[in-house]
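Student: sequence below, structure please.
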Amino acid sequence: MEPPVHHTDEANIPAVVDVAPTTDIDKNLPPPSASKTIGPFPLAPSQVDQVVKRATPQGYQVSKDAKAAINKSANVFLLFMEALISSEKVSALHTGKRQQPPKRVTISAADVKNALQDAGMAHLLPLMSANKRSR
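Tutor: Below is the predicted model of the structure:
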């Protein structure tokens with residue numbers, strides 16, 4: 001393995017450091033473009049309206065700006081949960097529990113529960129089973 005290559009500018013300050021993969025496991029990971037991720041997508045305004053309507057007492061009004069902020073917050077939370085779930089799958093690859101990257105893209109309830117525990121939000125787990133509704 002080659003040592004890192006240091007590029008310097010006129011002030012002799014390192015500007016860029018090229019580092020090769022450090023382990024065999026890193027070499028087996030797919031490139032970032034090949035990974036299947038959810039990606040940032042806005043929730044539908046009707047979904048936000050339903051959540052706000054259920055969470056606020058009757059007669060309360062919520063401004064458009066507040067709904068937009070709730071929408072952005074929910075999207076950030078969903079991306080955070082997806083990142084935790086993805087990192088858990090990658091760490092399973094690093095520890096040798098899996099021989100290859102996972103091929104499924106469906107996130108199960110068990111994945112969400114594990115991610116909530118990892119994020120220190122285990123207090124939300126009882127709410128997952130308490131608020132089941134029929135579709």
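Student: just the helices in the chain please.
Tutor: 24-28, 45-55, 64-94, 109-118, 125-130 (DSSP state H).
Student: tell me what angle the longest one forms with helix 45-55.
Tutor: Angle of helix 64-94 versus helix 45-55, following axes from the mean of the first three to the mean of the last three CA atoms, to 10 degrees, is 100 degrees.
Student: and the fourth one, by the same measure?
Tutor: Following the same axes, to 10 degrees, one obtains 60 degrees for the angle between helix 109-118 and helix 45-55.
Student: so where's this structure shaky on pLDDT?
Tutor: 1-42, 89-105, 130-135 (pLDDT under 70).
Student: how deep is residue 48 tucked in, by neighbour count?
Tutor: 21 (other CB atoms under 10 Å). Quick note: C-beta positions are derived from backbone N, CA and C, even for glycine.
Student: ok, and the closest non-adjacent residue to it?
Tutor: Excluding the flanking residues, the one nearest residue 48 by CB to CB, 6 or more residues apart in numbering is residue 71, at 4.9 Å.
Student: would you agree that neighbour is in contact with residue 43?
Tutor: Yes - applying CB atoms under 8 Å as the test, residue 71 and residue 43 come out as touching, 5.6 Å apart.
Student: neighbour-wise, which of these two wins?
Tutor: Ranked by neighbour count (other CB under 10 Å), residue 71 and residue 43 place residue 71 first, with 19 against 14.
Student: against residue 106, how distant is that one?
Tutor: 24 Å (CB to CB, to the nearest Å).
Student: next: residue 124.
Tutor: 21 Å.
Student: what do you get for residue 46?
Tutor: 24 Å.
Student: thanks again, I'm all set now.
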